[in-house]
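Undergrad: how would this look folded up:
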Amino acid sequence: LACSPGGGADSPLAVDGALVEAGGLNAWILSWSTPEASDGVVRLVGGDGGRREFTDVESDAEGLEHRAVILGLPAGTNWTATAYSSASGREYATDAFDFETSPVPTDLPTVTVSVPPADGLTGFVVLPLATLEGVQFAILDLDGNYVWWRTSFAMACFRAEYEQATGVLSTCSADEADGSHFSTESLVDGTGTTVVTSQGHHDFVALSDGSYLALGEDRRQVDGLNVVGDTVVLVPAAGGEASVVWNAWDSFAYDGIGVESPNGMSWPHLNSLEFDEGTGKLLLGAYSRDSILQVDRATGAIDWELGGELDDFGLEGDETFVHPHSPRRVGNEITLVDAGASDGRARVISLHIDESAWSAGLGVSVEGGAAGGSSILGNAEHIDGDRLFVAWGSGGTAVIMERDGTVLWQADTELGVALGYGQYIPSLLPGQ
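TA: Numbering: from 1, shown residues only. This next block holds a predicted model:
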């Protein structure tokens with residue numbers, strides 16, 4: 001198979017093929033035909049001698065027409081691609097196709113890998129890169145190479161969510177002149193949708209029916225002070241006016257504790273949103289209340305509050321946290337970034353909760369390193385097995401680590417760049 005088509009008696013038999021740009025940024029499709037039912041693989045050789053292999057090949061029912069998507073190559077690199085198939089002891093190969101990926105835009109910040117990936121660790125990370133100018137969304141491989149990006153967000157929610165089953169990335173651009181834009185984009189063909197509404201900040205969830213749950217606001221005056229009360233809103237798939245699912249004003253009396261913003265006092269400064277479509281429960285990070293709220297979407301009622309002055313679970317000592325960011329629940333374990341650790345560095349913690357006994361116990365507790373301190377933003381999410389992906393927010397560092405804090409990979413942004421709510425992806429190929 002290492003020979004070129006037509007290179008000798010033992011060379012693969014030449015078959016027709018075509019390489020086309022798929023429509024998405026740095027995405028290609030190589031298709032080819034074989035005269036008999038066969039399997040397939042696409043092999044790439046880079047200009048630097050590096051090699052890649054794409055084994056996720058789609059074939060028609062007869063096994064004669066084949067198609068492979070090529071994604072995840074480093075920006076600004078040159079490649080030669082050849083498709084190979086085999087059947088009944090015969091080998092087939094297409095011509096070799098040369099192509100190159102788009103260069104990295106000059107306005108994207110430098111990302112440096114300071115801890116190379118541990119043996120066997122592969123994949124990609126989605127990083128929202130936040131500066132005073134706005135937010136840029138990017139996908140990088142674990143060698144620190146940009147493979148995909150969007151740089152046109154003046155301001156945005158701080159999450160970009162990739163759904164591997166469909167190959168679609170969801171983003172939210174807030175504070176546009178005509179409202180907030182909730183968008184999807186296929187990394188393969190570049191197609192997608194955009195929903196426009198008047199509401200949206202910090203975080204959102206793309207629902208299976210094309211609608212969105214998002215953090216919104218309800219502005220009121222209290223004793224002459226402009227207060228921006230937080231809400232959770234449902235954005236219709238067709239766009240237009242969002243409906244309120246939950247409103248802080250209906251659940252709490254304004255206590256004067258919030259975060260100053262250009263529009264007034266942000267209260268209680270919700271900064272993250274998770275939704276379980278199976279249970280109908282919302283999980284909200286309430287920064288100014290130092291707590292996490294579970295809310296029933298159907299009724300708007302608060303089921304419980306974890307942490308803060310009205311804590312329902314009796315947290316003590318190291319179980320307590322301040323200014324939580326991006327809580328995520330897997331089973332009965334809730335993982336979050338505790339932005340208010342006593343030594344000024346953030347922690348990643350997890351709490352195992354028992355809703356029948358109203359109790360909780362500390363699981364993970366790992367402080368950010370010298371470059372990993374975080375006072376704003378940041379998130380922690382479970383990935384395969386007992387590993388965690390952590391974005392240390394304003395610390396500008398992203399890591400993959402074991403639950404005991406052992407760092408398996410680390411990347412650092414340049415000074416002045418904070419990380420929003422990032423994500424680890426084992427593969428960019430849809431359906432894997």
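Undergrad: how about low-confidence regions in the stretch 1-150 of the chain?
TA: 1-9 (pLDDT under 70).
Undergrad: Which parts of it are strands?
TA: 13-14, 17-21, 28-33, 41-46, 51-54, 57-59, 65-70, 78-87, 90-93, 97-100, 111-115, 124-131, 134-141, 146-153 (DSSP state E, counting those that start in this stretch).
Undergrad: how about JSON lines for the ones you listed, with mean neighbour count added?
TA: (Glycine included, C-beta is placed from N, CA and C.) Shown next, in JSON lines, are the strands of the stretch 1-150 of the chain (neighbours: other CB atoms under 10 Å):
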{"stretch": "strand 13-14", "mean neighbour count": "14"}
{"stretch": "strand 17-21", "mean neighbour count": "17"}
{"stretch": "strand 28-33", "mean neighbour count": "20"}
{"stretch": "strand 41-46", "mean neighbour count": "18"}
{"stretch": "strand 51-54", "mean neighbour count": "13"}
{"stretch": "strand 57-59", "mean neighbour count": "17"}
{"stretch": "strand 65-70", "mean neighbour count": "20"}
{"stretch": "strand 78-87", "mean neighbour count": "20"}
{"stretch": "strand 90-93", "mean neighbour count": "20"}
{"stretch": "strand 97-100", "mean neighbour count": "15"}
{"stretch": "strand 111-115", "mean neighbour count": "15"}
{"stretch": "strand 124-131", "mean neighbour count": "23"}
{"stretch": "strand 134-141", "mean neighbour count": "22"}
{"stretch": "strand 146-153", "mean neighbour count": "20"}
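Undergrad: Quick check: which of those is nearest to residue 422?
TA: Checking the strands of the stretch 1-150 of the chain against residue 422 by CB to CB gives strand 124-131 as the closest, at 5.0 Å.
Undergrad: what helices or strands is the closest one leaning on?
TA: The contact analysis (3 or more CB pairs under 8 Å, 6 or more residues apart in numbering; DSSP states H and E) places strand 124-131 against strand 134-141, strand 407-413, strand 418-419, strand 423-425.
Undergrad: Can you report how many residues lie near residue 143?
TA: 11 (other CB atoms under 10 Å).
Undergrad: Surely it is in contact with residue 113?
TA: Yes. Contact criterion CB atoms under 8 Å: residue 143 and residue 113 qualify, at 6.2 Å.
Undergrad: follow-up on the earlier one: save the helices and strands packed on strand 124-131 as JSON lines, and put in distance to residue 42 too.
TA: Listed next are the helices and strands packed on strand 124-131 as JSON lines, based on distance: least, CB to CB, whole Å:
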{"stretch": "strand 134-141", "distance to residue 42": "18"}
{"stretch": "strand 407-413", "distance to residue 42": "27"}
{"stretch": "strand 418-419", "distance to residue 42": "33"}
{"stretch": "strand 423-425", "distance to residue 42": "20"}
